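Engineer: whatever this is, show me its structure:
(one chain, ligands or ions: 1)
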Amino acid sequence: MTDKTKHSSFSHPDFKNEVDRLLFTRLYIDQALATSKQSAGNARQHLKEAYETLDSLDSSLSYMNLLTGASLLQMNTDQVKRLQSVYDKPYFARIDYQKENEEKESLYIGKASLHNPENQSQIIVDWRSPVSNVYYDGRLGEVEYEVNGETTQGYLSLKRQYQIEKGELLSIQDVDLTTTDELLQQSLAGKADNRLTEIVSTIQKEQNDIIRAPLNRPIIVQGAAGSGKTTIALHRISYFLYVNSETFHPSDLMILAPNQLFIEYISEVLPELGVDKINQTTLIDYMTKATGQTIRLADPVKKLVSLIEEDDSSEETKKLSEFKGSLLFLKIIDRYLNHIEESLAPKTDVMLEKFRILRGDRLANLFLHDYHYLPVYRRFDKIKGVIQNHLRTKKKEVLKKIKDVYDEALEKALYGIRNDAKRRKRVTFIMDTKAQRTDAIQKEARSTVRAYMKQFERKSAVDYYKELLTSRELLELCAPELAREDVDQLVQYSQRLLSSRMFELEDLAPIYYLHGRLYGLDDESRVKNVFIDEAQDYSYFQLAALRKILDTSLFTIVGDLAQGIHSYRGMRDWGVVKKEIFGEAHYFTLQKSYRTTIEIMNLANMILEKMEESLPLVEPVVRHGVLPSYHQLPAASLVQRMEQDIALFQQENFTTIAIICKTPAECKRMFTLFAASSVTVQLLTENEELEKNQITLLPAHLAKGLEFDAVLIPSLIERYKGNELDRKLLYVAMTRAMHRLALYSEHPEDLLLDESAKTKMTWQKT
Ligand SMILES: Nc1ncnc2c1ncn2[C@@H]1O[C@H](COP(=O)(O)OP(=O)(O)OP(=O)(O)O)[C@@H](O)[C@H]1O
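Structural biologist: Presented below is the predicted three-dimensional model:
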C-alpha cells in the first residue's frame, strides 16, 4: 500500500466506524470463545466488563445486544479453532447489498463465518457462502447469485476492502469500476515465501468462476503459467467441502501432485483455508498403493533426461511411451480383460458324486452377465455363494435319493429273498453300501465348493500385464491394430525391461487399471473426488484409468500444455480429454499470469510463441518490474557473475532465489562450481524440502509449479536446443520468476535468445 492510499484511508469518512466495527468483531470473537470455555454466568460478567471498556461505539445498544448473543454461542472445537485462527484478521472485505424487497445489509466477508444466535444476523460471512459470490463476481449495481439452484437478485452499492494486520485496521479501499484492485496489487508485489498461500481476499472473477463451477461435474482448466491453477484447485477443495460438509469427508478427496517437493510447497494452503486430512499424494504413490503390490519403477527422470539428451534410444522410448499412454492401449487392455474373463468363466458343471448340482453354463452366464458390474475376481465370491446355496439344498435331495434307492432295495431283499443266509448277506451289503455312499457324499460335500473354486487361477495384475507384454500371441489377439513389427518391438522392449525386474512409469496406470478391473480397490484407495495438478504431464491412459476405476465424475484437472515437458506420453490436446474421457466436463482457460512482472512475461511469451501448441500469449496483470538481464560471457566467468547478481538480489531483500538448470547433471556441475564460492546453495532433489533463506539449485522439470522472487538461468555446458522439449523446459524455468530474471551463457542461442530478445532484456557482453 502506498503512503498516499494509506493517508486517504485515514481520512476516509467511515474510517472510525470501521475501526469500531473491527474492535467489536474481535470482542465478539473473544466473548464467543470465552463462552465456550467458561460457564454462562462467568461469560456474562466478562461481557459486561468488556462493554464498559469499549467506549467508542456509536450504536452501543445494538452492539451490546450482539455481545449478549455471544454468550449464547456454544461452539464446537473446530469452530473454536477456526475463530482463533481469524482473530487477527476477522474479515477482508465488506459488501453493502440489498436483496430484492429486503433491507440493505452490510456484510463482512472473512475466512470463517460467525453469526449471532439470538437473531441469526451475520457478523462475519464465510467467503464460500453463496452471498459472497457477489463480492467476487459482481460489479456495483444490479447483481445476482444462486442459492440451491435459485437465483437471488439484488443491488450492490458498496464493495470495500480492508488491510488488517494483527487486529489493527491499516487501510480501507472502496472498489468501483475504475479503481484497480489495490489489495491484489499489494499482494502480488509482496515477496514470495517459499510456500504457496491462500488468496481469498483477492480471488479474481475468472478464478472465482472456476472455484464455484458446478461441483458435480468434472472441470478441465488450461491455465497459463502463474495464472493461479494450483491455488484455485486448492480453493475449490475448500469450497467443495464447505458446500458438501454433510456428505463428504476430507478423506474422500485426493490431490495428485507431481512430486513430494510440490506437496510440501502447497502444504500450508489447505490448513489456512480450514481444511485438514486430505490425501495429498503423487500418481506413482497412489497407484502403487492401490494395487497393493511392490512395483519397482525405473526412474522416470532418467527417461526424461535421455529424451532431453536425445540419445540413441529416444525415438523408440518416445514411440512406446506414447503408445502406453494412449487410449488405443486402453482399448487393447479392455480386450485383454475380456479375454481373461472368458477364460476364467466357469465351464464345468458342479458335481456331487455323480449328481449334477449346477450347470457350468448357468454359472458362466452369472459370471459374464449378471455379475458383470463387479471386478472379475470379486464375482467368484458371488459364484461361491451360489454354489454353496445350491449345494445345501441339493445335498439333501441327493441324500434322500440315495436313501430311497437303498430303502427300496432293502425292502426288495427283505421280502423277496427267501434264503436266510442269502438275504442276510444281501441286506448287509445294501446297508453297508448305503452307509458308505452317504458318508462319502457328506464328506465330498464338505469340499465340493473348495475343489470347484480351485480351478480358477488367481494371478496378480502385475503377472497378467507381464504376460500380455511378452506374448506375441496375446498381443496379436488383443491388438489387431498393431503391425507385426510393432508387436515385435513391444515384446523385445518389454523383455529387456522386465529382465531387470523393473517397470516404467507408463506401465503403472495399465497395472492399476487391470487391478481395479480384476480385483477392485480397497476402501482407502477408493476416493470420490480427485484434484489433479500439472495434468499436462499425464497421459490419456492415466486420466482414463483414474476415471474408470474410481467411477466418479468429480475431477478437477488443471494444467498448462505450454509446460508439458512429458508430452511424449501423448497429452497434447485437452479436446481429447474432454471428448473421450470426461465428456460432461466444463472447460475453462486462464490467460492472465499473477506471478510474473510484465517484463518477465514478455520474454517468456517469446518462447511460448515458438511452441507447436499455438497457445495464446500470456497476459501479465499490470505489474511492472525491471527488464530481465542477459550476460553473455565465457563459461569460466559465469558463476562469478551469478554470485554478484545474487548479492544484488539479496540487497533488494528478495528472499527466495533459484538457479534453474536444464538437467540434473548440469545442476551438479553448477553445484561443484558454487562449492568453491562464498554463496551457499541447496541442490534440490525430488524428496527434499525447500529450505528457507537458501539459494536453491534445481533442474527445470523439478521447478514446475514452484515460484521464486528471483530466478537465474545459466547454460554452462548444456544448451537449450530449438526442439519442443527444450523450449518447454526453458519456458518453465523463466516463468518461475516473480520479480527478477537473469540469464547467462556463452552464446545467446544457447538460451534461445535471438535479435528480438534484445528489446526485451538488458544485454551485456563480457
Ligand atoms: N487472485 C490472486 N490474488 C493474489 N495472488 C494470486 C492470485 N492468483 C494467483 N496468485 C498468485 O500467483 C502465483 C501463481 O499461482 P499458482 O502457483 O497457483 O499458479 P499456477 O497457474 O499453478 O502456475 P504454474 O502453472 O506455473 O504452476 C502465486 O503466488 C499465487 O499466490
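
Engineer: hey, let's count contacts and neighbours off CA atoms from now on
Structural biologist: Fine.

Engineer: in the stretch 501-650 of the chain, where is pLDDT below threshold?
Structural biologist: 570 (pLDDT under 70).

Engineer: now the helices for it?
Structural biologist: 505-518, 540-550, 574-576, 598-609, 635-651 (DSSP state H, counting those that start in this stretch).

Engineer: including distance to the ligand and mean neighbour count, could these go into CSV?
Structural biologist: Output for the helices of the stretch 501-650 of the chain, formatted as CSV (distance: least, C-alpha to the nearest ligand atom, whole Å; neighbours: other C-alpha atoms under 10 Å):
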stretch, distance to the ligand, mean neighbour count
helix 505-518, 22, 23
helix 540-550, 19, 21
helix 574-576, 15, 15
helix 598-609, 12, 22
helix 635-651, 19, 15
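
Engineer: need the ones you listed in CSV (columns: distance to Thr281).
Structural biologist: Below are the helices of the stretch 501-650 of the chain laid out as CSV (distance: least, C-alpha to C-alpha, whole Å):
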stretch, distance to Thr281
helix 505-518, 15
helix 540-550, 14
helix 574-576, 23
helix 598-609, 30
helix 635-651, 34
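
Engineer: which residues of the protein lie near the ligand?
Structural biologist: Residues of the chain lying near the ligand by C-alpha under 6 Å from any ligand atom: 184, 187-188, 197, 199, 202-204, 223-231, 594-595, 704-705.

Engineer: quick one: which of those residues sit in strands?
Structural biologist: Using DSSP state E, the members of those that fall within strands are Gly223.

Engineer: now a PyMOL select for only the buried ones of the residues of the chain next to the ligand.
Structural biologist: Of these, the buried ones can be selected in PyMOL as follows, counting by 16 or more other C-alpha atoms under 10 Å:
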select buried, resi 184+188+197+199+202+203+204+223+224+225+226+227+228+229+230+231+594+595+704+705
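
Engineer: quick one: which of the residues of the chain next to the ligand sit in helices?
Structural biologist: Among these, the residues falling in helices (DSSP state H) are Leu184, Ser187, Leu188, Lys229, Thr230, Thr231.

Engineer: isn't there a strand covering Lys692?
Structural biologist: No: Lys692 is assigned coil when assessed by DSSP: H, G, I helix; E, B strand; the rest coil, not a strand.

Engineer: so what are the domain limits for the chain?
Structural biologist: Domain assignment for the chain by the TED database gives 14-202, 213-331+456-590, 347-454, 612-765.

Engineer: now do whichever strand or helix holds Tyr415: which elements does it pack against?
Structural biologist: According to DSSP states H and E, Tyr415 maps onto helix 376-416. Applying 3 or more C-alpha pairs under 8 Å, 6 or more residues apart in numbering; DSSP states H and E, we find helix 376-416 packed against strand 355-358, helix 420-454, helix 505-518.

Engineer: now stretch 587-600, how far from the chain's geometric center?
Structural biologist: Centroid separation between stretch 587-600 and its chain, computed with C-alpha atoms, centre = their mean, to the nearest Å, is 21 Å.

Engineer: how long is it end to end?
Structural biologist: By C-alpha to C-alpha, to the nearest Å, the extent of stretch 587-600 from end to end equals 28 Å.

Engineer: let's test this: mean pLDDT of the helix holding Tyr415, rounded?
Structural biologist: Mean pLDDT, helix 376-416: 93.

Engineer: so which of the helices and strands packed on helix 376-416 is the most packed in?
Structural biologist: Most buried of those, by mean neighbour count (mean count of other C-alpha atoms under 10 Å): helix 505-518, with a mean of 23.

Engineer: neighbouring contacts of that one?
Structural biologist: 284, 287-288, 290-291, 297-300, 321, 324-325, 330, 333, 337, 375-378, 460-462, 465, 521, 541-542, 545-546, 549, 569 (C-alpha atoms under 8 Å, 6 or more residues apart in numbering).

Engineer: try 6 Å
Structural biologist: If you take C-alpha atoms under 6 Å, 6 or more residues apart in numbering as the criterion, helix 505-518 is touched by Met287, Thr291, Lys324, Pro375, Val376, Tyr377, Ala461, Val462, Gln542, Ala545, Ile549.

Engineer: now stretch 622-641
Structural biologist: Contacts of stretch 622-641 (C-alpha under 6 Å, 6+ apart): 597-599, 716, 741-746, 761-766.

Engineer: which among the residues you listed count as buried?
Structural biologist: Among the contacts of stretch 622-641, those classed as buried by 16+ other C-alpha under 10 Å are Thr597, Ile598, Glu599, Leu716, Leu741, Ala742, Leu743, Tyr744, Ser745, Glu746, Met761, Trp763.

Engineer: closest one of those residues to the ligand?
Structural biologist: Nearest to the ligand among the buried ones among the contacts of stretch 622-641, counting by C-alpha to the nearest ligand atom, is Thr597 at 10.9 Å.
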